[in-house]
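Participant: Next one to model:
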Amino acid sequence: MDKILELKARRAGIIDKMEALVASVPDGEDWTAEQSTAFEALKAEDDKVAGELARLEDVERRRAQAARPVAPLPGSTPAPAAGVPAAPAEKGLTFARMVRTIAAAGGNHYVAQQIAEANGDSGLFAGQQMGQGALGGFLVPEDVSTEVIELLRPASVVTAMGPRIVPMPNGNMTTNRRASGANFAYGGETDDAPATGYTYGQVKLSAKKLRGIIPISNDLLRSASTAVDRMVRDDAVADAAQIQDRFFLRGNGTEYSPKGLRYQLVGTSFAATNILTMTASPDLQKVDNDLGRMELALGNANVPYTGAHWIGSPRTAMYLTNLRDGNGNKVYPEMSDGMLRKKPFHQTTEIPDNLGGGTESELMLVHPAHILIGEHMGIEVAMSTEAAYKDSAGTMQAAFSRDETLMRMIMQHDIGARHLPAIAVLTGVTWAP
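Facilitator: Here you go, the predicted model:
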């Protein structure tokens, strides 16, 4: 390499002499024999140096092509063998690194790129067209936000059931809702066939904005660490899943929030058959009967309740887990595996235990194949180091005085039921361990 640099410097000096010689001959005058000889000598010398330089550069190129990787340091992860694809990156970490870097840059994309370069993340923002969101924020690229949404789905009780996820490119979607089935009947050769066809209603989805604020310590944001990235990612996923469940389950359906599964039936003809009340003074037999009534509500509407999912509060789950018969045997031993009567049971604190007179809860049975969730846009993130927020106790906190950065994450979606009797709700539940 030193020889190559030496030859390049030598060649630059030769060319400088050739330029000086050309400049010394006035325009329109002929070259003298001495000047021509000197120029030809310089040209020959340059050709010689260029040839030697080309040979050395060719050797360097061949050496690079034939280079073998050095042995990995002890404790490091070995590189994959030739032809073997590298292991996929952990989902959501790219999102977390983007958030951390943008936050450290105060929302300035150019500064964020410089920070990423300094931290060895030179490709973090390469090829990413981050649309400007709110002040100090950005719209997370689709490929990155998709990873976070994939992690959010199993973290949320409602989306973990496996409902139908549909895109809403324009923020709105209207689709048919089946109300009654076709009319078929047996008849003779000349008898008129009954009119066949479906009666449909409509389910309309419109994007509702889910917003959440996550305080992050600036001490964490200043450190480039995978552990910090995981913390940022996991906090974002957990907080978003909790609020999403709150409204997907029991939202009352205002202009700005989704109508949750609990209220999809209210005001419809299925309210009388699918919104049930717990049998008073519950005992083992009454509890079993109430569960059967919920299954029957789906079955009577030709919804295969074998594919349905239970959703209840932790208190309800603990009661069913501990419920025993007269011989001391557990009635539902499968509850320890998250199953009830051969169907998955999901527990969430977003179904309260203080409803009614302050001691009641609810239990839901939902067939996810008939639930639609529309998703619009990706994830929009904004940062602030000056804004205030309320903590879990309702106390107002100032991010500036606490040396924190607030991350506000926004997603847009809505939920609806394509077949209403696919939902059954048991109200007034006082089951408690």
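Participant: Quick check: nearest residue in space to V232, chain neighbours excluded?
Facilitator: A96 (4.1 Å; Cβ to Cβ, 6 or more residues apart in numbering). Backbone N, C-alpha and C define where each C-beta goes, glycine included.
Participant: Count the neighbours of that neighbour for me.
Facilitator: A total of 23 residues lie near A96 under the criterion other Cβ atoms under 10 Å.
Participant: what's the answer for K208, then?
Facilitator: K208 is flanked by 22 other residues according to other Cβ under 10 Å.
Participant: Help me confirm that it comes into contact with S257.
Facilitator: Yes - K208 is within contact range of S257, at 5.7 Å (criterion: Cβ atoms under 8 Å).
Participant: list residues touching both of the two?
Facilitator: Residues touching both K208 and S257 (Cβ atoms under 8 Å, 6 or more residues apart in numbering) are F247.
Participant: A297: helix or strand, and which one exactly?
Facilitator: helix 284-299 (DSSP states H and E).
Participant: so N322 makes contact with P433?
Facilitator: Yes - using Cβ under 8 Å, N322 is in contact with P433, at 5.0 Å.
Participant: what's stretch 230-249 in contact with?
Facilitator: Contacts of stretch 230-249 (Cβ under 8 Å, 6+ apart): 90, 92-93, 95-96, 99-100, 148, 151-152, 155-159, 208, 210, 212, 214, 216, 220, 257-258, 260-262, 311, 348, 350-351, 364, 373, 407, 409, 411, 413, 415.
Participant: just how off-centre is that stretch within its chain?
Facilitator: Distance of stretch 230-249 from the chain centroid (Cα atoms, centre = their mean, to the nearest Å) equals 10 Å.
Participant: May I see the buried residues of that stretch?
Facilitator: 231-233, 235-237, 239-242, 244-249 (16 or more other Cβ atoms under 10 Å).
Participant: And the average pLDDT for that stretch is what?
Facilitator: Averaging pLDDT along stretch 230-249 yields 88.
Participant: burial of D47, as a residue count?
Facilitator: Neighbours of D47 using other Cβ under 10 Å come to 11.
Participant: just use 695 as the starting number from now, easier for me
Facilitator: All set: I'll call the first residue 695, so the last point we hit is now D741.
Participant: I'd guess it is in a helix, am I close?
Facilitator: Yes - according to DSSP: H, G, I helix; E, B strand; the rest coil, D741 belongs to a helix.
Participant: In contact with it, which residues are there?
Facilitator: By Cβ under 8 Å, 6+ apart, no residues touch D741.
Participant: State the pLDDT value of it.
Facilitator: 91.
Participant: pLDDT weak spots in this protein?
Facilitator: Flagging of the chain using pLDDT under 70 yields the residue ranges 695-696, 699, 757-783, 800-803, 816-817, 819-832, 872-879, 887-895, 917-918.
Participant: which residues in it form helices?
Facilitator: Listed in chain order, the helices of the chain (DSSP state H) span 696-717, 727-759, 787-798, 803-812, 836-849, 851-854, 912-915, 920-944, 955-958, 965-968, 978-993, 1008-1016.
Participant: Go through these and name the closest to G1088.
Facilitator: Among the helices of the chain, the nearest to G1088 by Cβ to Cβ is helix 920-944 (16.1 Å).
Participant: still on that earlier bit, neighbouring contacts of the helix holding A991?
Facilitator: Against helix 978-993 from outside (Cβ under 8 Å, 6+ apart): 967-968, 970, 972-973, 976, 998-999, 1002, 1014, 1017, 1019, 1025, 1034-1035, 1057, 1059, 1061, 1115-1116, 1118, 1120, 1125.
Participant: make it 7 Å
Facilitator: Applying Cβ atoms under 7 Å, 6 or more residues apart in numbering, the set of residues contacting helix 978-993 from outside is 967-968, 970, 972-973, 999, 1002, 1017, 1019, 1025, 1035, 1059, 1061, 1115-1116, 1118, 1120, 1125.
Participant: Also stretch 849-865?
Facilitator: 847-848, 867, 899-901, 931-932, 935, 938-939, 942-943, 1003, 1005, 1040, 1042, 1060, 1062-1063, 1065-1070, 1106.
Participant: ChimeraX command for the buried members of those?
Facilitator: Selection of buried members from these for ChimeraX, criterion 16+ other Cβ under 10 Å:
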select :847,867,899,900,901,931,935,938,939,942,943,1003,1005,1040,1042,1060,1062,1063,1065,1066,1067,1068,1069,1070,1106
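Participant: Can you name the residues that contact T1015?
Facilitator: Residues in contact with T1015, defined by Cβ under 7 Å, 6+ apart, are M1029, S1030.
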